[in-house]
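**Q** generate a structure from the sequence data that follows.
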Amino acid sequence: ATVVCLGTPPGLELGLDLRAWTVGSRFRGIKLVPPGLRFLHYAGAGAASVASATAAPEPNERTASKDTNAAAAAARGLFVEVGASQVLGLRWSPMDEDFGALPEYELVGLTEAVHRLELDPSLGPYDPNRYDLWQSLTCHISRETLKRCNIELGCVILSGADLAGEPPGPAEGPSVRYCEARFTALPNLPELAKQHRSDGVGGGPSHFFSREDGSRLSASEITALQLDPTPLVAGLVRRCYAGSFAELWGEVELAFTLFVYLASLPGLEFWKLAVHLVSSCTTLEEIDGGEAALVDFIAMLSAQIQLLPHDLFYNDLLQDSFLRQSLGNLLAEEERLGAAQRTQRRAEQGASRVGASRVGAARASLRRAIRTQFGRQALAQLLTSERTEEEAFQAAAIEAAIHRDRGGAQASGLADLGAADVDSDVAMLGDEDKVRSTRTGPAALEREAASQARMGWMLPP
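**A** Sure thing, here's the model as predicted:
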């Protein structure tokens, strides 16, 4: 497919999906676009999205702006859907400084010109190298997802700066349309008891705190939900997403996309609440469809962390961020499962490893993604942050028993806590001085100081 963007002002930073360019005077659009839902995003000259300001720059990708706030103010985007060999026409409105759809009578002639290759020298190619990652980031977003969140195809989505400041007035160009993303209300686990007490007075939808027969949950049941919110998630999916976890994941992906590219604060808030809620579930795998849903959730999160800053877990301001706790919850579940599996298998067949389940394989992929994006030290810290004294005692007791049974075989509880691909990471856990030494010194302190302003979005509410 081809996305034609007529009248694009030179110097505009425009991207389709994961790639963005600063366009020149000859730019007329993008060719070789894969069919399906695509996200067109753009910002004024010298501006950049949150993704650009936080991620490491790559060749041909948008680089960080010196003024992230000014960047967010200019960021806009719209979803479009294209079919194979289709030509989608957009025109820049100088009055609105946004894109609008071409009228049908202009699109006919434009399509013929594209098929005759008349515009080919002015069309940039879609980058296929990042297509798989984009699909992983947005595979659950559908037309239904956009409709539920008040987004229409071809409609310019207001950015975080638009919502925080003065929103734009009615479009002066006849083809430019605006919309504001609205997300489903979610329970906030740390504030669940407070929401329960104030339900009906800004505390959230009543279905958070009611049974199937309509009666309200007791205080003890609310406490139980804070420890394991699986019933809360199951009820949310049943009531708000027609029983489909895929629809919930689609809204999470949409929220993350709008936050990263448009600095959407509602998107950030929904993403934070959803990730923390689901990662806190301890029995999600046991409900109907829960195992497949958890696998999809972990795969989605593994893709999303690839767009987060590399120094995320080394900034002093973010030591207690919600993402650290959420990732720690997921990795701690894997750690406990892995230890139990190895203990049982060693008792039966010796030291051979057990094949990982689908959820275990997904968690192993998550650990690899964390290690790749944030480094071995960050993974080691996450693995240890969720280990309680009781778990450490149990692990030591298991290893002591193995040591006695094998007559002095080498035992290392730390070296055997994870899967094979991260044994070397966990073996470093006790070397805290080494971890700190790699992040100290003038250069590291300067990097941290420079990143504090642009990373404030990861602080807990």
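
**Q** so V3 is in which element?
**A** strand 2-6 (DSSP states H and E).

**Q** mind exporting that strand as PDB, just the C-alpha atoms?
**A** C-alpha atoms of strand 2-6 as PDB (Å, rounded to 0.1, in the frame of the first residue of the first chain):
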ATOM      1  CA  THR A   2       1.000   3.600  -0.400                       C
ATOM      2  CA  VAL A   3       0.300   6.500   2.100                       C
ATOM      3  CA  VAL A   4       0.400   9.800   0.200                       C
ATOM      4  CA  CYS A   5       0.900  12.900   2.300                       C
ATOM      5  CA  LEU A   6       0.500  16.000   0.100                       C
END
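
**Q** now for that strand, which elements pack on it?
**A** Other helices and strands packing on strand 2-6, by 3 or more CB pairs under 8 Å, 6 or more residues apart in numbering; DSSP states H and E, are strand 29-31, strand 87-93, helix 104-115. Using the backbone N, CA and C atoms, a C-beta is placed for each residue, glycine as well.

**Q** ok, P10 - how many residues close by?
**A** Residues near P10, counting by other CB atoms under 10 Å, number 11.

**Q** I'd say it and W92 touch.
**A** No - checked against CB atoms under 8 Å, the pair P10 and W92 is beyond contact range at 11.1 Å.

**Q** now E144. Nearest residue, chain neighbours left out?
**A** In space, and not counting its chain neighbours, E144 is closest to E247: 6.7 Å by CB to CB, 6 or more residues apart in numbering.

**Q** just the pLDDT for that neighbour.
**A** At E247, the model reports a pLDDT of 95.

**Q** so after the helix or strand where it lies, what's the next helix or strand?
**A** Element membership of E247 [criterion: DSSP H and E] is helix 245-262. Once helix 245-262 ends, the next helix or strand along the chain (criterion: DSSP H and E) is helix 265-279.

**Q** in that following helix, what counts as buried?
**A** Across helix 265-279, burial judged by 16 or more other CB atoms under 10 Å covers 265-279.

**Q** show me the shaky parts of the stretch 351-461 of the chain.
**A** For the stretch 351-461 of the chain, residues meeting the criterion pLDDT under 70 lie at 351-356, 385-461.

**Q** can we see that at 50?
**A** 351-356, 388-390, 392-393, 408-461 (pLDDT under 50).

**Q** quick check: closest non-adjacent residue to G289.
**A** The shortest distance from G289 to any non-neighbouring residue, by CB to CB, 6+ apart, is to F245 (6.4 Å).

**Q** who touches the one you found in this structure?
**A** If you count contacts by CB atoms under 8 Å, 6 or more residues apart in numbering, F245 has them with V237, G289, A292, A293, D296, F297.

**Q** re the thing from before, and the angle from the strand holding V3 to helix 104-115?
**A** 120 degrees (axes from the mean of the first three to the mean of the last three CA atoms, to 10 degrees).

**Q** contacts for strand 2-6?
**A** Under CB under 8 Å, 6+ apart, the answer for strand 2-6 is 14, 16, 27-33, 38, 40, 80, 82, 86-92, 99, 102, 110, 114, 119, 123.

**Q** return the list of strands paired to it, each annotated with direction.
**A** strand 29-31 (antiparallel), strand 87-93 (parallel) (DSSP bridges).

**Q** CSV please, covering these and showing distance to R363.
**A** What follows is the strands paired with strand 2-6, written out as CSV (distance: least, CB to CB, whole Å):
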stretch, distance to R363
strand 29-31, 37
strand 87-93, 40
